[in-house]
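S.K.: with the input below, show me the fold.
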Amino acid sequence: MLKGVFLVLQTEMNIEQAFIQLDDEQRADIIYHGTLLRLSELRKRRFLAESKVRELEERYAQPLWQLEQERLPQDASIEMHEDYILWGHWVQVAADAAEEIHRLEPIVNQPIPPADLLYASR
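M.R.: Prediction:
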């Protein structure tokens, strides 16, 4: 077990060392493009989660917060209990994705990095 942990730490250190050895422009390029990829994934995740939330809101004709205020009916079906759990999950996924998107957007909302200008002129 310790050997596996050491190997993971060693790999992470090798990646960090390799990254540090890059010049400033290369590091900026990797961060910028990596952030764009991550934002794309997060936007897809948020879209899926929001779609699932909307579907459940339509099915039960109310938002989750309202259902939580009124509580599940005493005679709620197993399906409604399962939907309630999934509903909470999807609301949280959408909120987490939106929060991470908000934190990452400033990175890509900067002027185009110099490395991109070089690629554009080729």
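S.K.: just the mean pLDDT for the strand or helix carrying residue 34, thanks.
M.R.: Element membership for residue 34 (DSSP states H and E) is helix 24-60. Averaging pLDDT along helix 24-60 yields 94.
S.K.: buried stuff in that helix?
M.R.: By 16 or more other C-beta atoms under 10 Å, the buried positions in helix 24-60 come out as 28-29, 32, 39, 42, 45-46, 49-50, 52-53, 56. For the C-beta atoms, the positions are set from N, CA and C on the backbone; glycine is no exception.
S.K.: C-terminal to that helix, what's the next element?
M.R.: Of the helices and strands lying after helix 24-60 in sequence (DSSP H and E), the nearest is helix 64-70.
S.K.: how far does that following helix sit from its chain's centre?
M.R.: Between the centre of helix 64-70 and the centre of its chain there are 26 Å (C-alpha atoms, centre = their mean, to the nearest Å).
S.K.: and it, what other elements does it pack with?
M.R.: In this structure, helix 64-70 makes packing contacts with helix 24-60, helix 78-108, judged by 3 or more C-beta pairs under 8 Å, 6 or more residues apart in numbering; DSSP states H and E.
S.K.: okay, the ones you listed in JSON lines with distance to residue 16 next?
M.R.: Below are those laid out as JSON lines (distance: least, C-beta to C-beta, whole Å):
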{"stretch": "helix 24-60", "distance to residue 16": "11"}
{"stretch": "helix 78-108", "distance to residue 16": "19"}
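S.K.: and the contacts of stretch 60-67?
M.R.: Outside stretch 60-67, the residues that touch it by C-beta atoms under 8 Å, 6 or more residues apart in numbering are 53, 56-57, 80, 83-84, 87-88, 91.
S.K.: and if you look at stretch 102-111?
M.R.: By C-beta under 8 Å, 6+ apart, stretch 102-111 touches 31-32, 35-36, 38-39, 42.
S.K.: average pLDDT for that stretch, rounded please.
M.R.: pLDDT averaged over stretch 102-111 gives 89.
S.K.: that one: which residues count as buried?
M.R.: Burial within stretch 102-111, assessed by neighbour count using 16+ other C-beta under 10 Å, is assigned to residue 104.
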